[in-house]
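1. Structural data only, the sequence is not supplied:
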């Protein structure tokens, strides 16, 4: 394997390892938070299970990260993503929608795309493990949103979806990148080329996430504006 490809794969799996650890901490904390105002919610147990899943996923990612020669990194403190102006219950909903309805739903789409490719056997096995659990994590978020929509007006989230999206993806995703000479080899190691990654993200946002949110009265217009602005920038219009 070329050194550049090896470094790219190692860095990508190191990033996923950090993301999985962060998700594990977040889901454990959110399970406690939901119990404060909705002790009978079935989502509490799902969050607890998801926390364990993500801890296990981090171990898988660490295996692959190490196999590509990438050193372990120090985990940063958990990032706080909730706007301060929201109430505690609104803040919990914000986090679960951002982490599950958006991030996990996008993750499922990315993993499904990778599983359709010819990955290395060990990579393929880990992708299967991740995909199986991420489907449940996505559904967990939609279940919580549905339950909360029956208890409060959730339309306030409309204005916050762009912030959630900005926290989900790196802005570099929407920039034109130099050609990737080893792009055809990336899926074998669990990575998507930049253009394919952007395509999957955009299609999932437009076809799955935004229609799903709209069913609960969450206006997709701000999110579409966010996406249009980045598409225009990529086209060199501003």
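-> Received it, and whenever you're ready, just let me know what you need. Predicted model, so just to flag it, every value in this text is computed and none were measured.

2. Pick out the residue closest to the middle of this protein.
-> Taking Cα atoms, centre = their mean, the centroid of the chain lies closest to residue 103, which sits 2.6 Å from it.

3. Look at that one and report its pLDDT.
-> At residue 103, the pLDDT value in this model is 97.

4. So what does it look like in phi/psi?
-> phi -60, psi -50 (degrees, to the nearest 10).

5. you'd agree it is up against residue 166?
-> No. If you go by Cβ atoms under 8 Å, residue 103 and residue 166 don't touch, sitting 12.0 Å apart. No exception for glycine: its C-beta is placed from N, CA and C like everyone else's.

6. follow-up on the earlier one: what separation do you get for the residue nearest to the centre of the chain and residue 54?
-> 11 Å (Cβ to Cβ, to the nearest Å).

7. remind me which residues of this protein are low pLDDT?
-> 178-181, 234-238 (pLDDT under 70).

8. In contact with residue 231, which residues?
-> residue 174 (Cβ atoms under 8 Å, 6 or more residues apart in numbering).

9. tell me which element residue 23 is part of?
-> helix 3-37 (DSSP states H and E).

10. And that helix, what does it pack against?
-> helix 43-67, helix 88-96, helix 121-149 (3 or more Cβ pairs under 8 Å, 6 or more residues apart in numbering; DSSP states H and E).

11. Please identify the buried residues of the second one?
-> This points to helix 88-96. Using 16 or more other Cβ atoms under 10 Å as the test for burial, helix 88-96 gives 89, 90, 91, 92, 93, 94, 95, 96.

12. cool, and the last one?
-> Neighbour counts over helix 121-149 (16+ other Cβ under 10 Å) mark 123-124, 126-127, 130-131, 133-135, 137-145, 147-149 as buried.

13. and if you look at the first one?
-> Of the residues in helix 43-67, those buried under the neighbour-count criterion (16+ other Cβ under 10 Å) are 43-44, 46-51, 53-55, 57-58, 60-62, 64-65, 67.

14. Relative to the whole chain's centre, how far out is that helix?
-> 13 Å (Cα atoms, centre = their mean, to the nearest Å).

15. repeat for the last one
-> Once both centres are worked out by Cα atoms, centre = their mean, helix 121-149 turns out to sit 10 Å from its chain's centre.

16. What about the residue lying closest to residue 202 once chain neighbours are set aside, how many residues nearby?
-> The shortest distance from residue 202 to any non-neighbouring residue, by Cβ to Cβ, 6 or more residues apart in numbering, is to residue 227 (6.8 Å). Applying other Cβ atoms under 10 Å, we find 19 residues neighbouring residue 227.

17. gap between residue 227 and residue 66?
-> Where residue 66 is concerned, residue 227 sits at a distance of 36 Å (Cβ to Cβ).

18. Residue 220 now?
-> Taken as Cβ to Cβ, the span from residue 220 to residue 66 is 41 Å.

19. With residue 228 instead?
-> Taking Cβ to Cβ, one finds residue 228 at 41 Å from residue 66.

20. can you check residue 223 too?
-> For residue 223, the distance to residue 66 - Cβ to Cβ - is 37 Å.

21. Kindly report the same for residue 83.
-> In terms of Cβ to Cβ, residue 83 sits 37 Å off from residue 66.

22. Check residue 118 too.
-> Residue 118 is 23 Å from residue 66, by Cβ to Cβ.

23. doesn't residue 9 make contact with residue 191?
-> Yes. The criterion here is Cβ under 8 Å, and residue 191 meets it with residue 9 at 6.3 Å.

24. related to what we said a few turns ago, list the buried residues in the helix holding residue 23.
-> So for helix 3-37, counting by 16+ other Cβ under 10 Å, buried means 5, 8-10, 12-14, 16-28, 30-31, 33-34.
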